[in-house]
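1. need coordinates for the below:
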Amino acid sequence: MTTPQIQVTINGYRLEWIEERLVVSVSRLRVHSDGKITGDVQMFLGKKQQEEPSFSFNFSSSQTRKQLVNSLTEKFPEWKWLEIIDELSRRIQKLATEGEPVLELTSSDEVSPLEYLVHPIIPLGKPTAIFGDPGSGKSQLLLILAIVAALPWTDNPLRLIAPTKPTPILYLDYEADPDDFRRSLKGFAEGMDMGLLPVFYRRCSLPIVDDLEAIRNHADAVHAQAIFVDSTSLAANGDLNRMDVAASYIRALRQLKLTSVSLTHTSKDRDARIKTIIGSVLFEAGFRSVFECRGQEDENLLDIALFHRKFNLGGRVKPLGYRINYNCSGNTVEWHDPRSVPEFVERMSVNQRILSALKDERLSTVELVEILELKRNTVDVALKRLVNADRITGDSKSWGLLSQEKMDI
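-> Numbering: from 1, shown residues only. You can find the predicted model right below:
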């Protein structure tokens with residue numbers, strides 16, 4: 001019997017015995033706490049690659065192997081199933097337990113600069129999360145980001161840096177349906193006079209961990225460079241407060257090896273000034289970049305603010321603001337200063353709130369304490385940081401912005 005050629009797939013391995021004209025696909029591998037290794041197996045036999053139904057298999061059990069050999073020998077006697085199944089089990093057990101290779105990394109290694117799919121929100125090749133309350137505009141914003149990348153929308157009025165060439169996005173929708181998505185897409189196309197807007201869309205029902213191979217296949221088919229998930233609350237499999245549910249979701253994103261943006265909801269305390277992602281802390285730990293989305297609705301417009309709550313790859317960006325206008329002739333979107341919305345200013349850092357308060361007039365330390373409703377020590381520490389960063393000038397009797405350019409928060 002020949003040695004099989006082994007190919008790593010999105011969710012397992014593909015073993016091919018060329019001379020025997022046999023392909024075995026192994027997916028959904030799992031190493032159990034007792035050392036047992038299980039997975040799904042599918043076989044393709046003969047010159048025409050006859051496809052057999054997939055089945056679950058315990059690679060660690062000699063009894064299970066013996067039963068499978070007997071069953072296959074009875075059905076397909078021309079193959080040496082005892083040797084094939086023993087070889088398959090041995091190799092899969094080794095592959096499943098040895099994991100990724102060890103790399104020696106040194107401080108002299110060349111390091112590529114961090115790149116973005118859409119700057120400054122979506123770092124390339126990393127998992128990003130945007131969380132917020134229902135109605136905050138998360139889904140609308142995610143669609144806009146997909147448009148920026150897909151066109152690419154290089155002259156967008158949102159101060160976003162688009163990629164240099166069209167970048168296909170696979171939008172995975174666990175909440176709405178194609179008609180809802182088309183309606184929103186058409187609204188922006190007509191309102192912004194952008195013509196044809198192409199976005200690859202897939203309505204999803206299965207948890208992402210159970211649908212991983214299909215997602216990977218669809219992403220490959222459309223040459224998608226990123227997946228957008230709307231939303232994690234339904235894409236994750238089970239109780240969001242369980243650590244294993246969060247770990248499985250983050251692990252699934254890692255296996256896809258694509259840039260990703262996941263929408264998720266806020267923790268239960270909606271009145272807290274600083275919110276967090278709903279569920280286990282492992283969700284936030286797994287994402288490399290996390291934004292909080294806030295929305296303020298007024299008749300036919302929606303103001304959106306993004307606050308950068310976590311970034312493992314460098315310094316966090318200033319608050320970002322956008323305004324969506326809903327009109328009968330279509331929807332428009334533009335940059336909107338988040339400092340102009342009082343509800344957004346309250347959610348900013350102390351530094352940002354001080355800079356916002358000083359944008360129109362000079363103020364003393366006492367006045368800042370009263371306006372911001374903060375402790376004197378908190379304001380003093382922030383003022384010192386801003387002076388050292390050349391953002392403000394003055395003393396406790398009168399503080400002002402050092403320059404209009406440096407006031408940009």
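
2. which segments of the protein make up each domain?
-> Domain assignment of the chain by automatic domain parsing yields the ranges 5-98, 116-344, 349-401.

3. residues near Q7, how many?
-> Residues near Q7, counting by other CB atoms under 10 Å, number 12. The C-beta positions use only the backbone N, C-alpha and C, and glycine is treated the same way.

4. next: G187.
-> Neighbours around G187, by other CB under 10 Å: 19.

5. contact partners for it?
-> By CB atoms under 8 Å, 6 or more residues apart in numbering, the residues touching G187 are 326, 330-331.

6. give me that answer again for 10 Å
-> 140, 143, 324, 326-327, 329-332 (CB atoms under 10 Å, 6 or more residues apart in numbering).

7. closest to R251 out of those residues?
-> The nearest member of the contacts of G187 to R251, counting by CB to CB, is L143 at 26.8 Å.

8. remind me which helix or strand the closest one belongs to.
-> Applying DSSP states H and E as the criterion places L143 in helix 138-150.

9. next SSE downstream of that helix?
-> Immediately after helix 138-150, counting by DSSP H and E, sits strand 169-173.

10. just want the angle from the following helix or strand past that following strand to helix 138-150.
-> Following strand 169-173 in sequence order, the next helix or strand is helix 178-191 (DSSP H and E). Helix 178-191 and helix 138-150 meet at an angle of 60 degrees, taking axes from the mean of the first three to the mean of the last three CA atoms, to 10 degrees as the criterion.

11. contacts for the very next helix or strand once past helix 178-191, please.
-> Counting by DSSP H and E, the element after helix 178-191 in chain order, helix or strand, is strand 200-203. The contact list for strand 200-203 (CB under 10 Å, 6+ apart) reads 143, 146, 150, 168-178, 180-182, 185, 211, 214-215, 218-219, 221-224, 227-228.

12. just how off-centre is the helix or strand just after strand 200-203 within its chain?
-> Per DSSP H and E, the first helix or strand lying C-terminal to strand 200-203 is helix 212-221. The chain centroid and the centroid of helix 212-221 are separated by 16 Å under CA atoms, centre = their mean, to the nearest Å.

13. mind listing the helices for the stretch 251-400 of the chain?
-> Counting by DSSP state H, counting those that start in this stretch, the stretch 251-400 of the chain has helices at residues 281-286, 342-345, 350-357, 365-372, 376-388.

14. return the most buried member of these.
-> helix 350-357 (a mean of 20; mean count of other CB atoms under 10 Å).

15. which other helices and strands does that one contact?
-> helix 342-345, helix 365-372, helix 376-388, strand 392-395, strand 398-401 (3 or more CB pairs under 10 Å, 6 or more residues apart in numbering; DSSP states H and E).

16. state the distance from V333 to R251.
-> 34 Å (CB to CB, to the nearest Å).

17. those two: which is more packed in?
-> V333 (23 against 13).

18. so which bits of stretch 85-94 are buried?
-> Residues of stretch 85-94 classed as buried by neighbour count (16 or more other CB atoms under 10 Å): 85, 87-89, 91-93.

19. so which of those residues are in helices?
-> Counted as lying in helices by DSSP state H, out of the buried residues of stretch 85-94, are 85, 87-89, 91-93.

20. tell me the one of the residues you listed nearest F44?
-> The closest of these, once distances to F44 are taken by CB to CB, is L88, at 13.5 Å.

21. now do the same contact list for the spatially closest residue to that closest one that is not a sequence neighbour.
-> Ranked by CB to CB, 6 or more residues apart in numbering and with sequence neighbours excluded, the top spatial neighbour of L88 is V24, at 5.9 Å. By CB under 10 Å, 6+ apart, the residues touching V24 are 4, 13-17, 41-45, 52, 84-85, 87-88, 91-92.

22. how does it look with 8 Å?
-> V24 touches 4, 14-16, 41-44, 84, 88, counting by CB under 8 Å, 6+ apart.

23. look at it and give its secondary structure.
-> Under the three-state scheme (DSSP: H, G, I helix; E, B strand; the rest coil), V24 adopts strand.

24. bridged to it, which residues?
-> Per DSSP bridges, the residues bridged to V24 are L15, M43.

25. could you tell me how many residues sit around the residue lying closest to R323 once chain neighbours are set aside?
-> Nearest non-adjacent residue to R323, counting by CB to CB, 6+ apart: H336, 3.7 Å away. H336 has 20 neighbours, counted by other CB under 10 Å.

26. quick one: low-confidence parts of the stretch 251-400 of the chain?
-> Applying pLDDT under 70 to the stretch 251-400 of the chain picks out residues 269-274.

27. what does the stretch 1-150 of the chain give?
-> Using pLDDT under 70, the stretch 1-150 of the chain has no residue that qualifies.

28. let's go with 90 and repeat that
-> 1-2, 8-12, 27-35, 47-49, 96-103, 111-112 (pLDDT under 90).

29. where do the strands sit along it?
-> 5-9, 12-17, 22-31, 37-45, 50-51, 55-58, 116-118, 122-123, 127-132 (DSSP state E, counting those that start in this stretch).

30. can you lay out the ones you listed as CSV showing distance to E343?
-> Listed next are the strands of the stretch 1-150 of the chain as CSV, based on distance: least, CB to CB, whole Å:
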stretch, distance to E343
strand 5-9, 48
strand 12-17, 48
strand 22-31, 45
strand 37-45, 49
strand 50-51, 57
strand 55-58, 52
strand 116-118, 25
strand 122-123, 25
strand 127-132, 13
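
31. tell me the most buried of the ones you listed?
-> strand 127-132 (a mean of 25).

32. and it, how far out from the chain middle?
-> Relative to its chain's centre, strand 127-132 lies at 6 Å (CA atoms, centre = their mean).

33. neighbours of E334, how many?
-> Using other CB under 10 Å: E334 sits among 14 other residues.

34. residues contacting it?
-> E334 neighbours (CB under 8 Å, 6+ apart): 157-158, 322-323, 325.

35. repeat that with 7 Å
-> 157, 323 (CB atoms under 7 Å, 6 or more residues apart in numbering).

36. what does S25 give?
-> With CB under 7 Å, 6+ apart, S25 has these contacts: 14, 42.

37. separation between the residue nearest to A382 when sequence neighbours are not counted and N377?
-> Spatial nearest neighbour of A382, excluding adjacent residues (CB to CB, 6+ apart): V350 at 4.3 Å. Note on V350: its distance to N377, by CB to CB, is 11 Å.

38. picking up where we left off before, wait, the residue nearest to A382 sits on T378?
-> Yes - V350 lies in contact with T378 (CB atoms under 7 Å); the separation is 6.1 Å.

39. that's all I had, so thanks and see you.
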